[in-house]
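**Student:** After the sequence you'll find the predicted model.
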Amino acid sequence: MSAAPVILEATGVRLAFGGVRAVDGVDLRVREREIAALIGPNGAGKTSLFNALTGFFYPDAGTVRFRGEDVTRMPNWQRISRGIGRTFQSPSIFPEMSVAQNLTIGIQSSFRLSLSLRPPSAGRRRELEARLVELLGFVKLERLRDRQVAELSHGDQRLVEIAMSLSTSPKLIMLDEPTAGLAEADTSRILSIVRDLHDRLGLTVLFVEHNMRFVAALAQTVTMMDRGRVLLDGPPSVVLKDPRARDAYLGAEESVRA
Ligand SMILES: Nc1ncnc2c1ncn2[C@@H]1O[C@H](COP(=O)(O)OP(=O)(O)OP(=O)(O)O)[C@@H](O)[C@H]1O
Ligand SMILES: [Mg+2]
């Protein structure tokens, strides 16, 4: 286990919806520059935990710390400005707009331009364009910049989302099922981009996945949730071989090969 400082720490986090204990006392630690995977069967509480960590919902109990700061009750946008980026399980981009327009929204929000009623200065526009080119280059979508997002393949849409989440210059990026519904070739593209997030941008990555090959190829640590709780936690060589993880993913192995 590396000795890098803990960047994200959840302690005793609980989140219930009515009678459903979606997250039922979870402890999770992610270290700086780590690639961490969160796995578990459908309904295990993975997305709910992400929601509690990102401030999409506040937990009913427990604490969330980011870079040592208690962010448990901090609104989502403040966490974003502290350096937490996220993509969603279902696409959260504007399908009727172009790739460039979508990314521009993300970049503007990080520049706080959206709060200003005045048109941006020429200098600001150049800065915005440079950032746009940089983000498009990172996800290798330069050629699609003026295409409507709705016309893109699912794989390209996922990459736009990743670029969107990068627009706010996060230190930690949280990806909820980045390869859901993607064919093998697109899964490989996402895999190489996620590796780049870590290797080239130096980001910490926490991702939820059902594709165990993807998990095995990327993750340095794996946490498995079941029914709102952490069932297993450790290096992939241990967790993915555990009969409890294998049982949960026996069915999923089929879809990995498909
Ligand atoms: N906004 C919500 N309102 C009510 N119930 C919810 C809400 N979000 C999640 N739940 C419930 O909480 C439980 C955990 O759901 P969650 O979406 O976190 O699981 P998951 O591990 O992400 O599953 P999947 O792998 O299918 O995405 C489920 O029983 C779900 O129905
Ligand atoms: Mg989910």
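**Tutor:** Received it, and whenever you're ready, just let me know what you need. Numbers count the residues shown, from 1 in each chain. Ligands and ions are numbered 1, 2, ... in the order given.
**Student:** Tell me the residue of the protein that sits nearest ligand 2?
**Tutor:** Thr47 (3.1 Å; Cβ to the ion). Where you see a C-beta, it was placed from the backbone N, CA and C, and this is true even at glycine.
**Student:** Mind checking what secondary structure that residue has?
**Tutor:** helix (DSSP: H, G, I helix; E, B strand; the rest coil).
**Student:** Just list the residues touching it, thanks.
**Tutor:** Residues in contact with Thr47 (Cβ atoms under 8 Å, 6 or more residues apart in numbering) are Gln89, Asp176, Val208.
**Student:** now swap in Ala245 and tell me
**Tutor:** Ala245 sits in contact with Ile39, Val222, Met224, Leu232, Val239, where contact means Cβ under 8 Å, 6+ apart.
**Student:** State the distance from Tyr249 to Phe111.
**Tutor:** In this view, Tyr249 and Phe111 are 42 Å apart by Cβ to Cβ, to the nearest Å.
**Student:** Output the below-cut-off pLDDT ranges for this structure.
**Tutor:** Within the chain, the ranges that satisfy pLDDT under 70 run 1-2, 91, 112-118, 250-258.
**Student:** Show the residue spans covered by the helices in it.
**Tutor:** Secondary structure of the chain, counting by DSSP state H: helices at 46-54, 76-82, 99-111, 122-138, 154-166, 184-199, 212-218, 236-239, 243-257.
**Student:** Please identify which of those is closest to Glu32.
**Tutor:** With Cβ to Cβ as the criterion, Glu32 lies closest to helix 184-199 of those, at 11.0 Å.
**Student:** quick one on the thing from earlier: mind checking how far the residue of the chain closest to ligand 2 is from Arg21?
**Tutor:** In terms of Cβ to Cβ, Thr47 sits 14 Å off from Arg21.
**Student:** got the residues of this protein near ligand 2?
**Tutor:** Within reach of ligand 2 by Cβ under 5 Å from the ion, the chain has these residues: Lys46, Thr47, Gln89.
**Student:** Out of the contacts of Thr47, which are close to ligand 1?
**Tutor:** Gln89 (Cβ under 6 Å from any ligand atom).
**Student:** Which of the contacts of Thr47 are buried? Put it as a PyMOL command.
**Tutor:** Selection of buried members from these for PyMOL, criterion 16 or more other Cβ atoms under 10 Å:
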select buried, resi 176+208
